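Asks: Sharing a model that was predicted from the sequence below.
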Amino acid sequence: MLDDGGEQAALVVCEVLALDRSFVAATRAAVQEATSIPGENVMIAGTHTHAGPATIFLRDCGEVDQAWMAVLRERLVALVGEARRACARRISASGAGCWPQGRQSPDQGRIDGWRAGVLHLRDGHAQPIATLLNYACHPTVLGHTNR
């Protein structure tokens, strides 16, 4: 939950493979109805884990359980509502980090360096509340039996 004293926004991250456009749109609308936070101020994302429940169609990754998806939507709306009620004005700071050595490939050597975005939230007393790290990667370390 982010609140600058004039406008509110919510950042919702789920430990799932992905969420489709219709689920996100319906969840944003439900959040807006329940909390008055404009739907366009609600970001809903998945971490892209292949070890979570099936939330979109992906070959050989199980069937999407629509009843479970409905419960997920209800819980996300409730969580944003709880965060809104608990929200006090926040002070935020952001930054970026980099690792110039980059990723390595056995046959290509160094591929690239990387940057990671960081959002660090503090309360009105400068006490840390949360830190969000944004770094895109797609590790493929689990075998096909990991379900």
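Replies: That came in fine, so what should we check first? Numbering: from 1, shown residues only.
Asks: which stretches of the protein form helices?
Replies: Counting by DSSP state H, residue ranges of the helices within the chain are 21-35, 66-86.
Asks: Only C-alpha atoms, please: export the first one in PDB.
Replies: What follows is helix 21-35 as a C-alpha-only set of coordinates in PDB (Å, rounded to 0.1, in the frame of the first residue of the first chain):
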ATOM      1  CA  ARG A  21      -5.400 -10.000 -18.300                       C
ATOM      2  CA  SER A  22      -9.000 -10.700 -17.400                       C
ATOM      3  CA  PHE A  23      -8.200 -11.900 -13.900                       C
ATOM      4  CA  VAL A  24      -6.100  -8.700 -13.300                       C
ATOM      5  CA  ALA A  25      -8.800  -6.400 -14.700                       C
ATOM      6  CA  ALA A  26     -11.500  -8.100 -12.600                       C
ATOM      7  CA  THR A  27      -9.400  -8.000  -9.500                       C
ATOM      8  CA  ARG A  28      -8.500  -4.300 -10.000                       C
ATOM      9  CA  ALA A  29     -12.200  -3.500 -10.400                       C
ATOM     10  CA  ALA A  30     -13.100  -5.400  -7.200                       C
ATOM     11  CA  VAL A  31     -10.300  -3.600  -5.300                       C
ATOM     12  CA  GLN A  32     -11.700  -0.300  -6.500                       C
ATOM     13  CA  GLU A  33     -15.200  -1.100  -5.500                       C
ATOM     14  CA  ALA A  34     -14.100  -2.400  -2.100                       C
ATOM     15  CA  THR A  35     -11.500   0.300  -1.200                       C
END
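Asks: picking that back up, out of the helices of the chain, nearest to residue 119?
Replies: Taking C-beta to C-beta, helix 66-86 is the member of the helices of the chain nearest to residue 119, at 15.3 Å. C-beta coordinates here come from the backbone N, C-alpha and C atoms, glycine included.
Asks: Quote the end-to-end distance of stretch 58-65.
Replies: Taking C-alpha to C-alpha, to the nearest Å, stretch 58-65 runs 13 Å from one end to the other.
Asks: Which positions within that stretch qualify as buried?
Replies: For stretch 58-65, a neighbour-count test (16 or more other C-beta atoms under 10 Å) marks nothing as buried.
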